[in-house]
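>>> here is a sequence with its predicted model. Questions after.
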Amino acid sequence: MNIHNLDREEMESLYNLLGKMLNEDKVEKEPLDKMIDEIMDEFNFATVHKTMVALDWKWASSKNYIPSMDELRDQAERLLRGAAKSRLGDFKRSHWELGIINGTGGFQATAFCDRTKTRITGLDLKFVVSEWDEGDNEE
């Protein structure tokens, strides 16, 4: 295989596979770290980047630029960890079945916990291009 002929998405997949192979002998990770690693390995950051380029979707900052793949990955991990921390911290009093969302720049990270509100049981990462919600407020 000639790696010079691979596109960005194929290279990312190759690095993910190699990373998984090299990490097999490492120390057992915490469940939260495992969930985050799985999302970071499987989430299609290349498609997010392509979408942002196609839509000229820039992150608001003093630079006002389209983020790199590394910046997308860093932001996603930060949001996932922040959602988990919020679910078990600031929003611990919220009903346990409610997911707590952290989001910015198109990303939306959601964390869910167990009944005792002591352990994260699920994480979700989305890149939202468009969404609409409507409800009847007459209850």
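Thanks, I have the structure now.

>>> only C-alpha atoms for contact and neighbour calcs from this point on.
OK.

>>> output the contacting helices and strands for the longest helix belonging to the chain.
As assigned by DSSP state H, the longest helix anywhere in the chain is helix 69-88. Under the contact criterion of 3 or more CA pairs under 8 Å, 6 or more residues apart in numbering; DSSP states H and E, helix 69-88 touches helix 31-42, helix 45-55, strand 100-104, strand 107-113, strand 120-127.

>>> which among these is found nearest to N137?
Closest to N137 of the helices and strands packed on helix 69-88 is strand 100-104 (CA to CA; 21.7 Å).

>>> what comes up buried for the closest one?
100-103 (16 or more other CA atoms under 10 Å).

>>> most tightly packed of the helices and strands packed on helix 69-88?
Of all the helices and strands packed on helix 69-88, strand 107-113 has the most neighbours on average by mean count of other CA atoms under 10 Å, namely a mean of 22.

>>> now that one against helix 45-55, angle please.
Counting by axes from the mean of the first three to the mean of the last three CA atoms, to 10 degrees, strand 107-113 lies at 140 degrees to helix 45-55.

>>> which residues are contacting strand 107-113?
Contacts of strand 107-113 with the rest of the structure, by CA atoms under 8 Å, 6 or more residues apart in numbering, involve 76, 79-80, 83-84, 87-88, 96-103, 119-128.

>>> what do you get for stretch 84-98?
99-100, 110-120, 123.

>>> the helix or strand of the chain with the lowest mean pLDDT to helix 31-42, inter-axis angle?
Between all helices and strands in the chain, the lowest mean by mean pLDDT, DSSP states H and E belongs to helix 8-22, at a mean of 73. Calculated by the same axes, to 10 degrees, helix 8-22 forms an angle of 140 degrees with helix 31-42.

>>> by contact count, what packs against helix 8-22?
Helices and strands in packing contact with helix 8-22 are not found; criterion 3+ CA pairs under 8 Å, 6+ apart.
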